[in-house]
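>>> Just the structure for this:
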Amino acid sequence: MRAHHFFYNCSREYIEALDEQIIRGIDETIDSLSKRDTQAELNRDILLCLCSKGWAYDSAPVEAFEAKPSNNRNLCLTSTTLGAGWHADFAKQVGSGLVQLEVQFGKVESMFKDFCGFRIAYFERRLALGIEVVMYDPNSYFGHRKAAVNGMAYFDIAKRTLPAIGLDCPIWLIGIYGD
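Alright, predicted model coming up:
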């Protein structure tokens, strides 16, 4: 798989300064993905790859692992002060900051919740970077299931929305697509 990138309130240099392995690790994860028929299969592949790179995760299907790796789910908490009970899909501590990653193959509305979660964690001065992974073009990728992707979040709508909603937190937007 390949990816398009958009850096909102951040840059490649900013992310490399946080941890020079983040970009490489995410790029390796995307490069390792194979085209799948369903979102669930793709989510599982991403989960397994990120966990092998030391990312904490919110939840995982039992069948995803032969033996579940150790996990610090608390890193995925959106807020430690508001009691919202939201969790990002993945998180990783980098220095004194936190990187949270959301894989959004759901509706556009769910993408807004992800952005809100990044903003809350940033407000609490915990988040150094939010990463949002969406399909670049769901209709093309899941062309065999067009009805299932109606209203799905996608790269261009996310890229156009970020400046419109005026978030002040650093977000790296990634749109993935198959060959």
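>>> show me where the protein has strands.
Assigned by DSSP state E, the chain shows strands spanning 2-8, 56-57, 90-94, 97-103, 127-135, 171-177.
>>> among those strands, which is nearest Thr78?
Thr78 lies closest to strand 97-103 among these, at 7.7 Å (Cβ to Cβ). Any C-beta I mention is one placed from the backbone N, CA and C, and that applies to glycine too.
>>> Show me what that closest one pairs with in its sheet, parallel or antiparallel.
In the sheet, strand 97-103 lines up against strand 90-94 (antiparallel), strand 127-135 (parallel) (DSSP bridges).
>>> Please identify the buried residues of the longest one?
By neighbour count on 16 or more other Cβ atoms under 10 Å, the buried set for strand 127-135 is 127-135.
>>> Would you format these as TSV with distance to Met1 and pLDDT included?
Below are the buried residues of strand 127-135 laid out as TSV (distance: Cβ to Cβ, whole Å; pLDDT from 0 to 100):
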residue	distance to Met1	pLDDT
Leu127	26	96
Ala128	26	97
Leu129	21	98
Gly130	21	98
Ile131	16	98
Glu132	16	98
Val133	11	97
Val134	13	95
Met135	10	91
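>>> Those: which two are farthest apart?
Between any two of those, the greatest separation by Cβ to Cβ is 25.5 Å, found for Ala128 and Met135.
>>> which stretches of this structure aren't confidently modelled?
For the chain, the stretches with pLDDT under 70 are 143-149, 179.
>>> Now the spatially most central residue of it: closest residue in space that isn't a chain neighbour?
In the chain, the residue lying closest to the centroid (Cα atoms, centre = their mean) is Glu102, at 2.7 Å. Counting by Cβ to Cβ, 6 or more residues apart in numbering, Glu102 lies nearest to Asp114, which is 4.0 Å off, once chain neighbours are set aside.
>>> That neighbour: what's it in contact with?
Applying Cβ atoms under 8 Å, 6 or more residues apart in numbering to Asp114 gives the contacts 88, 102, 104, 130, 132.
>>> Pull the contacting residues for the fourth one.
Okay, so that is Gly130. By Cβ under 8 Å, 6+ apart, the contact list for Gly130 reads 88, 99-102, 114-115, 117-118, 121-122, 169-172.
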